[in-house]
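> sequence first, predicted model second:
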Amino acid sequence: MLVPPHTNISDKLIELLKKYRYRKVYKRALPHESQEEEKESATKPLSSSTLKHISHELQKMNEARKLFIQLTERFIDLIEEMRKGLFAARLLPNEFAHNIIEKVKQTGNYLLRLEHFSVTDKTKYTAEQAVKTALLCAAIAYKQKYSYYRWIELTIAGLLHNVGFTRIQPELYQKDILSPEKRKLVTIYPYLGTQIAKEMKLSPIICTAILQCRENIDGSGYPQKLKSSQISEFAKIVSICSAYAALVSHRPYKEQNIDGHMALATIIKENGKKYDRQATQLLLSTISLFPIGTFVELENKQQGIVIEAHETNLRAPLVRIIAQDFHPLHEIQIVATQVTPHRIVRTLTYEEKKRFMYLLFPE
């Protein structure tokens, strides 16, 4: 039986309905528990395994967040050393890329929850975005089993793809709307970045990726208006990783970043136009259509967090279920989401995510 939302469902009413062979009572289209069941659910303590999981999750997320901030601050130092022309800085990108690769392997998917990481100073946005791009590039190379040398090259290309910004005025790339004259000045930064990479004696593959990472598949990009077949493989990968990293970062001219799923939806709209289809597939196979770290709701009104991409079904990642109707579960579950009732129906709103995080980590 479906009853209006304002109906008072008492135990007496439930017993009366049972007498007339009604087996379920729905209120707001959801099965309604008796008051005793609700009280038992609210007072039943969380299991030791659930408490252990919450503690583990909090620890790992804090470690990943601290690590991201450390990487970003170290990258800022690296840029400053490069700006001063220190000879030793030529060796640092290789060491930095090696460090990123090791951290990606050690932390698993926690370091790929990019929408949850940011630096407080918005003027450091380019460094934040560069590190996020490098992390994605490293994860793709790891997933695709690239040779270690190619892994290093792709990670460095992602890390230094916007290094040309260090040679132009910050106000030119920290604004969303520019005059045509200033816009033209911004479009030369890939040339400047390539020049820096050559000065550092980086490989031709890295230099080409830095030069071409703002080219679009349809020829509408810059600085050379290249089309698909003219753009290098690494440049295509760096381009899409950079776009995703920018969308989930706190840009100086944007009040709020968007979540990973919305960022991918934005990118997919430009698939085959701005972005290479194969590069898009590589990104999706690494973080899934519902990116790692995304808070989601399933068909059965359970809420959880995406923890791993599915090998073949990009719409059905593994999800760690933590709540039912925003009440913490007494036992944590991990489910595959390719079949009913565990299919993902939506991502949580910003306010719901705040509420969800409070449920997990009330401290």
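On my side now, so go ahead.
> test for you: state the pLDDT assigned to residue 15.
If you check residue 15, the pLDDT there is 61.
> for the one 10 residues further on, same thing?
Looking at residue 25, its pLDDT reads 54.
> pull the helix or strand in which residue 95 is found out as CSV, backbone CA atoms only.
Assessed by DSSP states H and E, residue 95 sits inside helix 92-107. Taking C-alpha atoms only, helix 92-107 is exported to CSV below (Å, rounded to 0.1, in the frame of the first residue of the first chain):
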residue,chain,number,x,y,z
LEU,A,92,64.7,17.3,-10.8
PRO,A,93,61.7,16.5,-13.2
ASN,A,94,63.0,12.9,-13.5
GLU,A,95,63.3,12.5,-9.7
PHE,A,96,59.9,14.2,-9.2
ALA,A,97,58.2,11.9,-11.8
HIS,A,98,59.8,8.9,-10.2
ASN,A,99,58.4,10.0,-6.9
ILE,A,100,54.9,10.5,-8.3
ILE,A,101,55.0,7.0,-9.9
GLU,A,102,56.1,5.4,-6.6
LYS,A,103,53.3,7.2,-4.7
VAL,A,104,50.7,6.2,-7.3
LYS,A,105,51.7,2.5,-6.8
GLN,A,106,51.9,2.8,-3.0
THR,A,107,48.6,4.6,-2.3
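> please state the offset of that helix from the chain centre?
19 Å (C-alpha atoms, centre = their mean, to the nearest Å).
> neighbouring contacts of it?
Helix 92-107 is contacted from outside by 60, 63-64, 67, 71, 74-75, 78, 81-82, 111-112, 131, 134-135, 138-139, 141-142, 151-152, 155-156, 159-160, 200, 202, using C-beta atoms under 8 Å, 6 or more residues apart in numbering. C-betas here are computed from N, CA, C, even on glycine.
> spatially central residue in the protein, please.
residue 114 (4.0 Å; C-alpha atoms, centre = their mean).
> that residue and residue 269, how far apart?
Remark: distance between residue 114 and residue 269 (C-beta to C-beta, to the nearest Å) = 20 Å.
> residue 336 now?
Distance of residue 336 to residue 269, given as C-beta to C-beta: 28 Å.
> if we can go back for a sec, just the buried positions in the helix holding residue 95, please.
92-93, 96-98, 100-101, 103-104, 107 (16 or more other C-beta atoms under 10 Å).
> before we move on, what about stretch 55-64?
Buried positions in stretch 55-64, judged by neighbour count with 16+ other C-beta under 10 Å: 57, 60-61, 64.
> let me have the buried residues of helix 92-107 in a markdown table, adding distance to residue 212 and pLDDT as columns.
Listed next are the buried residues of helix 92-107 as a markdown table, based on distance: C-beta to C-beta, whole Å; pLDDT from 0 to 100:
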| residue | distance to residue 212 | pLDDT |
| --- | --- | --- |
| 92 | 23 | 72 |
| 93 | 18 | 81 |
| 96 | 22 | 87 |
| 97 | 19 | 91 |
| 98 | 24 | 90 |
| 100 | 22 | 92 |
| 101 | 23 | 91 |
| 103 | 27 | 89 |
| 104 | 24 | 88 |
| 107 | 30 | 83 |
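> tell me which of the residues you listed is nearest to residue 354?
Checking the buried residues of helix 92-107 against residue 354 with C-beta to C-beta, the nearest one is residue 107 at 24.4 Å.
> and the closest one, how far from residue 113?
Following C-beta to C-beta, the distance that separates residue 107 from residue 113 is 10 Å.
> swap in residue 52?
Distance, residue 52 to residue 113, using C-beta to C-beta: 20 Å.
> sweet, I'm off.
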